[in-house]
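can you look at this prediction? I've put the sequence above it.
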Amino acid sequence: MNMLRASTLILALLSLMLPAGSPCAQAPETVCIQCHGSLQDKLGAPVGLWRTSIHAENDISCNGCHGGDPKDAAYAMSPARGFIGVPSEVDTPGFCGRCHPGVLKDYLSSAHGKALGNGGPTCVTCHGNHDIVKATLSLINEKSCTRCHSFERARIIRDAMQGTEASIQGIGERIGGFQATGVDTERLAKGLFAVRNSFHSLFHEVNVTRVKSESSRINAELAKLDKDLRAIEDARERRKVAGAIVVAGLLAAAFLAHLLRKSFEKR
């Protein structure tokens, strides 16, 4: 065994000995996290909030939003390295919209977006700034909405969308199940992707009439996907029944052959 092969084998064995949660198995933290994580109060608090966020879950660190050099402490907050810092209130939607352009468009066209700079909410009002959670209908809740207005309209909108969200999730799971067994689900997956995008565009809509109308249209599209999935399920069930009949026939034939052989042996 030459030296290169021996070294490769040793490294492979060492990697197997490392526990699953070992720091060596994780990507190194940025200098932003290393520095602010050791600080107290408001300078260190964002790190703790970020660690539980959907951004941290997707490996989006401080520099992903604020810019700067995440590998060099001396230039981590250098404008020359793209450091942006904290946006003003009116600049916040554009700040977040760099990664979420579709959401920004939906927000700006809504009543909330049109009130930007005049008391209207920005992204961080509802989603938080560092402790950002995955966008779901649970964000439309009485505690959050009543900070600015009554919950009556928001409740109607949320209720109109909840059934649709459950249907999208259920159809997605069924498509994933078929895909795992080798069924060609590309067309269905693309159809669900388009429907999901249409549905998500309603998350910032505060017009009850439009939400109800669009929800009805989306549910009609989901019904078509459900029909296609049922056709696949029925075909699979028929194949199972046919297979069971064939197996039963073969077993019956084998049993009859066995009886005939026994009868011949007795003669």
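Yep, that arrived.

so where do the helices sit in the stretch 151-267 of the chain?
Secondary structure of the stretch 151-267 of the chain, counting by DSSP state H, counting those that start in this stretch: helices at 152-180, 186-200, 208-266.

export the ones you listed to a markdown table and tack on mean pLDDT?
Shown next, in a markdown table, are the helices of the stretch 151-267 of the chain (pLDDT from 0 to 100):
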| stretch | mean pLDDT |
| --- | --- |
| helix 152-180 | 92 |
| helix 186-200 | 93 |
| helix 208-266 | 86 |
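
looking at the ones you listed, which is closest to Val103?
helix 186-200 (7.8 Å; CB to CB). Every residue, glycine included, has its C-beta placed from N, CA and C.

what's in contact with that closest one?
With CB atoms under 8 Å, 6 or more residues apart in numbering as the test, helix 186-200 has contacts from 102-103, 135, 161, 164-165, 168, 171-172, 175, 178-179, 214, 217-218, 221-222, 224-225, 228-229.

again, only this time at 6 Å
Thr164, Ile168, Ile171, Gly172, Ile175, Ile218, Glu221, Leu225 (CB atoms under 6 Å, 6 or more residues apart in numbering).

I'd guessed the last one sits against Gly170; true?
No. Shown here, Leu225 and Gly170 do not form a contact pair, counting by CB atoms under 6 Å, at 10.3 Å.

more neighbours, those two?
Legend: neighbour count by other CB atoms under 10 Å for Leu225 and Gly170, higher for Leu225 (21 against 13).

which ones are touching that one?
For Leu225, the contacting residues are Ile171, Gly191, by CB under 6 Å, 6+ apart.

now Phe83. Its backbone dihedrals?
Dihedral pair for Phe83: phi -70, psi 130, per degrees, to the nearest 10.

okay, now Glu29: neighbour count?
A count of nearby residues for Glu29, using other CB under 10 Å, gives 15.

how about it, secondary structure?
Look at Glu29: counting by DSSP: H, G, I helix; E, B strand; the rest coil, its state is coil.

where does it land on pLDDT?
We note a pLDDT of 80 for Glu29 in this prediction.

check the one 3 residues further on too.
With respect to pLDDT, Cys32 has a value of 92.

what does the one 4 residues further on give?
Residue-level confidence at His36 comes out at 91, pLDDT.

one more: the one 4 residues further on?
Predicted confidence (pLDDT) for Gln40: 86.

ramachandran coordinates for it?
Per degrees, to the nearest 10, the backbone of Gln40 is at phi -110, psi 170.

what's the local residue count around it?
If we define neighbours as other CB under 10 Å, then Gln40 has 7 of them.

leaving out sequence neighbours, find the closest residue to Phe151.
Spatial nearest neighbour of Phe151, chain neighbours left out: Glu142 (4.4 Å); criterion: CB to CB, 6 or more residues apart in numbering.

wait, that neighbour touches Arg153, no?
No. Counting by CB under 6 Å, Glu142 sits too far from Arg153 to count as a contact (11.9 Å).
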